[in-house]
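Chemist: Pasting the sequence and the predicted coordinates here, then a few questions.
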Amino acid sequence: MSTRDWLLEDSPHSRWQANVGRAYRVFTALLRNPLSVLGGIIILALVLTAIFAPWLAPYSAIGQDLANRLAPPSSTHLMGTDELGRDIFSRVIWGSQITLTIVGLVALISAPLGLLVGAVAGYFGGWTDRLLMGFTDIFLSMPKLILALAFVAALGPGINNAIIAIAITSWPAYARIARAETLTIRNSEFIAAVQLQGASPLRVIVGHVLPLCTSSMIIRVTLDMAGVILTAAGLGFLGLGAQPPLPEWGAMISRGRTFILDQWWVATMPGFAIIIVSLGFCFLGDGLRDVLDPKNEGK
Amino acid sequence: MPTTETPDSAFVTRRRWRRRLGAIAGFVITVFLTFLGLLAITFFIGRVIPIDPVLAVVGDRASNEVYAAARTAMGLDQPLVVQFFHYVVNVFSGDLGQSVSTGRSVVEDLSRFFPATLEMATIGILIGVLLGVPLGVIAASRQGSLIDQIIRVVGLLGYSMPAFWLGLVGLALFYAKLRWVGGPGRLDIFYDGLVAPVTGLLLVDSLLAGEIDIFWNAITHLVLPASVLGFFSLAYIARMTRSFMLDQLSQEFVTTARVKGVPERMVIWRHAFNPIRVPLITVIGLSYAGLLEGSVMIETVFSWPGIGNYLTTALLNADMNAVLGSTLVIGAVFIFINKISDVLYRVLDPRAR
């Protein structure tokens, strides 16, 4: 039996085989969509760039070369240099680590939080549901960016506080999704079976409800990542996110503002990096939605 | 002598009114609760998170007696619930505190800066609607064509391009290189302060004063930031219009109309477009609210003296009263527009009643 047959077997012999088989099916379906392949390549490139930044970057991210200030793009400095003579190309490469950290941490904080709130609300129903969802709806109808700004203003500028502020403002959407999914699962027979075996609500939610919410959650989180990157860059641009000399892309654009009229490359180059990475997440998210959630196909 | 029908129809009318009143009451209650939630969040941000607000006033070298007196004067020795109650009462009586950096009351500052934001966002949404809706309809009616592909790319760029970056690129290109538009600010310096603010909207005020020069100058300054904002609402509106239209065009009544021989223009603009007008209102409302938020970034780039610029300046000066005041106002407008478009949807679409 070939590996492929083992992966696609209709009656898998173990949970592991079923999971791997499903992952394989999703993966091959994704490969059929050129845009999601492109998105995947961009995200993979972002991860690899972040890991291998020390070897990929031709110059240091913070090393100054005052003799070479504001040099236009050339073969020695692919994207030119900034006002302290730092190589912008190298800084963009090092900046990928910061972007990846922000995106990863925001997803790790807000998605589980939203999942938990939504699943608890949907599973218990009644007043628990009304209270939790009322709270969620209030958060949902706030302007996210403004709220994040106010949080950072209170917590103090810095990359950690920026991550916390973005996470605080992005969990409600996940709570809504998790609740909707939980409501459709709650009355299924397999849940009743688990309950009759005496499983505690915690066990039912964590072991049997949450796993079924993950695919719609993955879609939503991937699609939201573009927004997270933009918000983080916006906070950096306003001087509230990553602080100098960290090579955060938004902060780099902010530094280049002063020179935009004459040395356009200082501000524009990091912007291209932001656009490419955000587009990557959009493409991948769209592709994942088509594969994992056929209801929405073609939108 | 009443006929047998009269009590029935009176009953129906009364029931309809009761339902309508119920809907309005529900609307008022949700808006009120959401606004209370917003107040709770700003209260939480302002009073609970930061380092001691008393220290910020008296300084860290104040004696214990001075500190305690200031603490009592600020009402901080009372329970949080009481403090929150006072906060809500203050906000509803129009008191948002003093701004440390401008020395005026926050309410006065906000009413001075808000019209500039309103003007920019309104022109922006006009651009977004007037271009976005037709483009979305055309893209859907010619699915797969070049224009459809362009709309899809624009839609994606709207999700993945930083607004402040597009503003900077626009400044570098259209102002510095091509000299097509005016630079940062609302007017050239030598026109500044010549028009008495009546509405605060420069385009209106300059026309009221009969100053055509100033009107044109204001337009050259407004066109770039408004277009940048307009681009983002265009991207969103066109994407949603396209998706709504595709839904409609695949319906059977559209096929029926085509089979009957209705001209394609009529099929698209009458049969398919009419039903999507109501959901589009919601989309446009959301987009308008989003523009108010987007203006925070754009105003910084263009030194636009609006509420967003006020907010970011306050952020950098740690002027918490101003920060929370502008957060409240932007949040309240945002919530209000959201809920209004939600209600409009329910009133206009008979299926959603």
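Modeler: Arrived safely. Note that the coordinates shown come from a computational prediction; the quantities given were computed from them, not determined experimentally. Numbers count the residues shown, from 1 in each chain, chains lettered A, B, ... in the order given.

Chemist: Could you list the buried residues of stretch B:137-152?
Modeler: Within stretch B:137-152, the residues that count as buried by 16 or more other C-beta atoms under 10 Å in any protein chain shown are B:137-141, B:148, B:151. C-beta coordinates here come from the backbone N, C-alpha and C atoms, glycine included.

Chemist: Where helices are concerned, which of these count?
Modeler: Counting by DSSP state H, the part of these found in helices is B:137-141, B:148, B:151.

Chemist: Can you convert these into JSON lines and add a column each for pLDDT?
Modeler: Listed next are these as JSON lines, based on pLDDT from 0 to 100:
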{"residue": "B:V137", "pLDDT": "92"}
{"residue": "B:I138", "pLDDT": "91"}
{"residue": "B:A139", "pLDDT": "90"}
{"residue": "B:A140", "pLDDT": "89"}
{"residue": "B:S141", "pLDDT": "88"}
{"residue": "B:D148", "pLDDT": "87"}
{"residue": "B:I151", "pLDDT": "87"}
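
Chemist: Out of those, which are close to chain A?
Modeler: Among those, proximity to chain A is found for none (C-beta under 8 Å from any C-beta of the partner chain).

Chemist: what's the closest of those to B:V100?
Modeler: B:V100 lies nearest to B:I151 out of those, by C-beta to C-beta, at 47.0 Å.

Chemist: and that closest one, what is it in contact with?
Modeler: Counting by C-beta atoms under 8 Å, 6 or more residues apart in numbering or on different chains, B:I151 touches B:135-136, B:138-139, B:238-239, B:242.

Chemist: contacting residues around the closest residue to chain A within the stretch 51-200 of chain B?
Modeler: Closest contact between the stretch 51-200 of chain B and chain A, by C-beta to the nearest C-beta, is at B:S160 (3.3 Å). Taking C-beta under 8 Å, 6+ apart as the contact definition, B:S160 lies against A:226, A:230, A:274-275, A:278-279, A:281-282.

Chemist: Neighbours of A:V204, how many?
Modeler: Number of residues near A:V204 (other C-beta atoms under 10 Å in any protein chain shown) recorded here: 19.

Chemist: three-state assignment of it?
Modeler: The assignment at A:V204 comes out as helix when based on DSSP: H, G, I helix; E, B strand; the rest coil.

Chemist: The closest residue to it other than its chain neighbours: neighbouring residues, count only.
Modeler: In space, and not counting its chain neighbours, A:V204 is closest to A:V194: 5.6 Å by C-beta to C-beta, 6 or more residues apart in numbering or on different chains. A:V194 has 16 neighbours, counted by other C-beta under 10 Å.

Chemist: what's the closest non-adjacent residue to A:S36?
Modeler: A:G287 (2.2 Å).

Chemist: Can you name the residues that contact the one residue in the stretch 1-150 of chain A that gets nearest to chain B?
Modeler: In the stretch 1-150 of chain A, no residue comes nearer to chain B than A:I138, which is 3.3 Å away by C-beta to the nearest C-beta. If you count contacts by C-beta under 8 Å, 6+ apart, A:I138 has them with B:33-34, B:37-38, B:41.

Chemist: Just name the closest of these to chain A, please.
Modeler: Nearest member of these to chain A, counting by C-beta to the nearest C-beta, is B:G37, at 3.3 Å.

Chemist: and that closest one, what is it in contact with?
Modeler: A:135, A:138-139, A:142.

Chemist: Could you do A:A233 as well?
Modeler: Applying C-beta under 8 Å, 6+ apart, one finds that A:A233 lies in contact with A:241, A:248-250, A:253, A:274, B:162.

Chemist: buried residues in stretch B:81-101?
Modeler: B:83-84, B:87, B:91, B:96-99.

Chemist: Identify those among these that sit within strands.
Modeler: Among the buried residues of stretch B:81-101, none falls in strands (DSSP state E).

Chemist: Can you add pLDDT and distance to B:L316 and give those back as TSV?
Modeler: Below are the buried residues of stretch B:81-101 laid out as TSV (pLDDT from 0 to 100; distance: C-beta to C-beta, whole Å):
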residue	pLDDT	distance to B:L316
B:Q83	83	27
B:F84	84	28
B:Y87	83	24
B:V91	85	24
B:L96	82	19
B:G97	79	18
B:Q98	80	18
B:S99	80	13
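
Chemist: contacts with chain A among these, please.
Modeler: Checked against chain A using C-beta under 8 Å from any C-beta, the buried residues of stretch B:81-101 give no members in range.

Chemist: Grab the two from those residues that are most spread out in space.
Modeler: Across the buried residues of stretch B:81-101 (C-beta to C-beta), the longest gap, 21.9 Å, separates B:F84 and B:S99.

Chemist: follow-up on the earlier one: and the residue of the stretch 1-150 of chain A closest to chain B, that's in a helix?
Modeler: Yes. Counting by three-state DSSP, A:I138 is part of a helix.

Chemist: still on that earlier bit, report all helices and strands that the helix or strand hosting the residue nearest to A:S36 contacts.
Modeler: Assigned by DSSP states H and E, A:G287 belongs to helix A:264-292. Judged by 3 or more C-beta pairs under 8 Å, 6 or more residues apart in numbering or on different chains; DSSP states H and E, the packing partners of helix A:264-292 are helix A:15-31, helix A:34-51, helix A:88-124, helix A:210-237, helix A:249-256, helix B:146-160, helix B:163-170.

Chemist: Please state the offset of it from the chain centre?
Modeler: 11 Å (C-alpha atoms, centre = their mean, to the nearest Å).

Chemist: and if you look at stretch B:174-194?
Modeler: 25 Å.

Chemist: again with stretch A:13-23
Modeler: Counting by C-alpha atoms, centre = their mean, stretch A:13-23 is centred 26 Å from the centre of its parent chain.

Chemist: Can you give the contact residues for it?
Modeler: By C-beta under 8 Å, 6+ apart, stretch A:13-23 touches A:6-9, A:12.

Chemist: what do you get for stretch B:185-192?
Modeler: The contact list for stretch B:185-192 (C-beta under 8 Å, 6+ apart) reads B:116, B:182, B:202, B:213-214, B:217-218, B:221-222, B:302-305.

Chemist: just to revisit the earlier point, and which of the contacts of A:A233 is nearest B:A69?
Modeler: Closest approach between these and B:A69, by C-beta to C-beta: A:G241, at 38.4 Å.

Chemist: Would you double-check that that closest one falls in a strand?
Modeler: No. Per three-state DSSP, A:G241 lies outside any strand segment and is coil.

Chemist: got a list of what the nearest residue to it once chain neighbours are set aside touches?
Modeler: Leaving aside its chain neighbours, A:G241 sits nearest to A:L235 (3.7 Å; criterion: C-beta to C-beta, 6+ apart). Contacts for A:L235 (C-beta under 8 Å, 6+ apart) come out as A:148-149, A:152, A:162, A:165-166, A:241, A:250.

Chemist: repeat that for 10 Å
Modeler: Shown in contact with A:L235 (C-beta atoms under 10 Å, 6 or more residues apart in numbering or on different chains): A:102, A:145, A:148-149, A:152, A:157-159, A:161-163, A:165-166, A:241-242, A:248, A:250-251, B:315.

Chemist: tell me the centre residue of the chain?
Modeler: Chain wasn't specified; assuming chain A. A:M225 (3.3 Å; C-alpha atoms, centre = their mean).

Chemist: nope, chain B please
Modeler: Taking C-alpha atoms, centre = their mean as the criterion, B:A289 is the residue nearest the geometric centre of chain B, at 2.7 Å.

Chemist: which residue ranges form the helices in the stretch 251-353 of chain B?
Modeler: Using DSSP state H, counting those that start in this stretch, the helices of the stretch 251-353 of chain B run over B:252-260, B:264-266, B:273-302, B:307-316, B:320-348.
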